[in-house]
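Student: only the shape, not the letters, is given here:
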Ligand SMILES: Nc1ncnc2c1ncn2[C@@H]1O[C@H](COP(=O)(O)OP(=O)(O)O)[C@@H](O)[C@H]1O
Ligand SMILES: CCCC(=O)OP(=O)(O)O
């Protein structure tokens, strides 16, 4: 049975898992404090720090690199792609290293997998699957409001699709038979309209589009943003950090950790309570938009991601307010690690063909 290592770098965490075929041997979520990651100038520089944690995890689990038969990493900011499993190749590594299509922690999935492969000195398969750039958006949904700007499909594609399949099975149906609104709440938040197996519309979780999240601003008033850009107060990089990394809950409460936010609320912090509640309010509004994109024909609203563990957030502020649209199914955390392992296993078993990434072709 093949031993599979899954590497899932997120903006606030590194999630690792080991599988013996489809059976989970061990999983581990390492949560990163913003100070820990902000010591690195670029995301690429974080790889040595995160790689050390992976090697420690493997050693503690009794599965050093020479026992691993397959590595599957989370897929990052590549050119817009069809869903599926992709070989980690030189063209992909080049685009991720140079952040040609943008920076996000998921870029490290392929990079870390490739570096571990070369350190192992072995020739084992290395893949990514359903990267954050999976693009199934309808042409109408691509309009922004000005021809110089196009809306982009950047979201938790892997987990949204994995939990959508899981919930469809609960209803005794196939994913391709259902209309779903999927809400993923992690360091970033994405809300997708899934029509019969295709994500026809979704907010860009990385770029000023959607609700604010633990570390991102979401949609901002444009005139205020332009004013700030030209105020001389911030450099371009600082402005970028203000909307991604230091926006959202981080800006309002000083932390990206919702468990800490709940602790502050229990201690009586009204400012934290209002900010956390406002995040829920924005999520509801975006879920409503996606329900409208599905013309109100919604079979289920699925809520997933780390924040879905927080019952004090979920019940009074989200599910009670959303239940008028459709039944609600909750998949706390998500299913990303198993989805990645299965994607790699399908390829080595021969039931799916992996695709080659070519950054140059359009
Ligand atoms: N049990 C929990 N209760 C409340 N919030 C939680 C819980 N577990 C995780 N979270 C929150 O979920 C967020 C991270 O979600 P996650 O999906 O793991 O993020 P990412 O993969 O984007 O790094 C953090 O704000 C974290 O505090
Ligand atoms: C890039 C979209 C996915 C995303 O926001 O992931 P995290 O929540 O892990 O940052």
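Tutor: Received, thanks. Predicted model, so just to flag it, every value in this text is computed and none were measured. Ligands and ions are numbered 1, 2, ... in the order given.
Student: make it CA atoms for all contacts and neighbour counts henceforth
Tutor: Noted.
Student: interface residues of the stretch 1-150 of the chain facing ligand 1?
Tutor: The stretch 1-150 of the chain has residues 10-13 near ligand 1, with proximity defined as CA under 6 Å from any ligand atom.
Student: would residue 261 count as being in a helix?
Tutor: Yes: assignment of residue 261 by DSSP: H, G, I helix; E, B strand; the rest coil places it within a helix.
Student: distance of it from residue 270?
Tutor: When distances are taken as CA to CA, to the nearest Å, residue 261 and residue 270 turn out to be 11 Å apart.
Student: between those two, which has more neighbouring residues?
Tutor: residue 261 (22 against 12; other CA atoms under 10 Å).
Student: which residues touch the more buried one?
Tutor: By CA atoms under 8 Å, 6 or more residues apart in numbering, the residues touching residue 261 are 253, 255, 272-273, 276.
Student: ditto for residue 33
Tutor: Contacts of residue 33 (CA under 8 Å, 6+ apart): residue 12.
Student: same question for the one 10 residues further on.
Tutor: For residue 43, the contacting residues are 103-105, 108, by CA under 8 Å, 6+ apart.
Student: who are the packing partners of the top helix by length along the chain?
Tutor: For the chain, the longest helix by residue count, based on DSSP state H, is helix 270-293. Applying 3 or more CA pairs under 8 Å, 6 or more residues apart in numbering; DSSP states H and E, we find helix 270-293 packed against strand 179-185, strand 189-195, strand 198-202, helix 248-253, helix 258-266, helix 311-314.
Student: and stretch 24-33, which residues are buried?
Tutor: Of the residues in stretch 24-33, those buried under the neighbour-count criterion (16 or more other CA atoms under 10 Å) are 30, 32.
Student: same question for stretch 301-321.
Tutor: Going by neighbour count (16+ other CA under 10 Å), the buried part of stretch 301-321 is 301-309, 313-314, 317-319.
Student: what does stretch 92-108 rub up against?
Tutor: Against stretch 92-108 from outside (CA under 8 Å, 6+ apart): 8-11, 43-44, 47, 74-79, 110-111, 132, 357-359.
Student: could you pull out the helices for the stretch 1-150 of the chain?
Tutor: Using DSSP state H, counting those that start in this stretch, the helices of the stretch 1-150 of the chain run over 34-38, 46-61, 90-97, 107-120.
Student: now these in JSON lines, with distance to ligand 2 and mean neighbour count?
Tutor: Formatted as JSON lines, the entries for those read as follows, by distance: least, CA to the nearest ligand atom, whole Å; neighbours: other CA atoms under 10 Å:
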{"stretch": "helix 34-38", "distance to ligand 2": "12", "mean neighbour count": "13"}
{"stretch": "helix 46-61", "distance to ligand 2": "14", "mean neighbour count": "16"}
{"stretch": "helix 90-97", "distance to ligand 2": "13", "mean neighbour count": "19"}
{"stretch": "helix 107-120", "distance to ligand 2": "9", "mean neighbour count": "22"}
